[in-house]
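**Student:** coordinates for the following, if possible.
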Amino acid sequence: MNVQEFYEKIGGSYEDALKRLPGESFVMRILPKFLMDDSYDRMVKGIEAGDLKAAFEGAHTLKGVTQNLALVRLGESSAEISDAFKFADSLDSVDYKPMLERVTADYNMTVEALKELAGE
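**Tutor:** Next up is the predicted model:
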């Protein structure tokens with residue numbers, strides 16, 4: 001799989017990535033670093049701990065990272081849950097489970113495609 005096929009597979013935007021980042025070789029160098037980003041894990045741990053602030057910070061960071069890399073589908077789902085947490089009084093006041101399922105599915109699909117892109 002090449003980088004353009006990766007973006008197509010995950011619902012990303014290859015064109016936007018090239019507009020935001022200085023060329024395909026840079027995109028190829030930076031994409032694997034997404035696997036080291038812990039924002040998804042921080043969001044999930046925040047939710048598990050009942051910590052709205054931590055859940056929001058993880059989701060908000062994930063949104064930013066994915067938008068910068070033009071990982072559109074994951075960016076949209078992480079933006080949705082980030083926005084829900086941003087305006088919530090508590091985790092109990094948010095119906096986050098369907099949003100979390102979508103973020104998790106998009107995240108897992110992105111990670112698997114990145115591993116495939118890297119030849120793992």
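**Student:** the longest helix anywhere in the chain - what's its average pLDDT?
**Tutor:** Secondary structure of the chain per DSSP state H: the longest helix is helix 97-117. What helix 97-117 shows for mean pLDDT is 96.
**Student:** for it, the distance to its chain's centre please.
**Tutor:** Remark: helix 97-117 is offset 8 Å from the chain centroid, using C-alpha atoms, centre = their mean, to the nearest Å.
**Student:** any chance you could give me it in PDB, C-alpha atoms only?
**Tutor:** Output of helix 97-117 as PDB, limited to C-alpha atoms (Å, rounded to 0.1, in the frame of the first residue of the first chain):
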ATOM      1  CA  LYS A  97     -20.700   5.600  24.400                       C
ATOM      2  CA  PRO A  98     -21.900   5.700  20.800                       C
ATOM      3  CA  MET A  99     -19.300   8.400  20.100                       C
ATOM      4  CA  LEU A 100     -16.600   6.400  21.800                       C
ATOM      5  CA  GLU A 101     -17.500   3.400  19.800                       C
ATOM      6  CA  ARG A 102     -17.100   5.400  16.600                       C
ATOM      7  CA  VAL A 103     -13.800   6.900  17.700                       C
ATOM      8  CA  THR A 104     -12.500   3.500  18.700                       C
ATOM      9  CA  ALA A 105     -13.500   1.900  15.400                       C
ATOM     10  CA  ASP A 106     -11.900   4.800  13.400                       C
ATOM     11  CA  TYR A 107      -8.800   4.800  15.600                       C
ATOM     12  CA  ASN A 108      -8.300   1.000  15.300                       C
ATOM     13  CA  MET A 109      -8.800   1.200  11.500                       C
ATOM     14  CA  THR A 110      -6.200   4.000  11.300                       C
ATOM     15  CA  VAL A 111      -3.700   2.100  13.400                       C
ATOM     16  CA  GLU A 112      -4.100  -1.100  11.400                       C
ATOM     17  CA  ALA A 113      -3.700   0.800   8.100                       C
ATOM     18  CA  LEU A 114      -0.600   2.500   9.400                       C
ATOM     19  CA  LYS A 115       0.900  -0.800  10.400                       C
ATOM     20  CA  GLU A 116       0.100  -2.100   6.900                       C
ATOM     21  CA  LEU A 117       1.600   1.000   5.300                       C
END
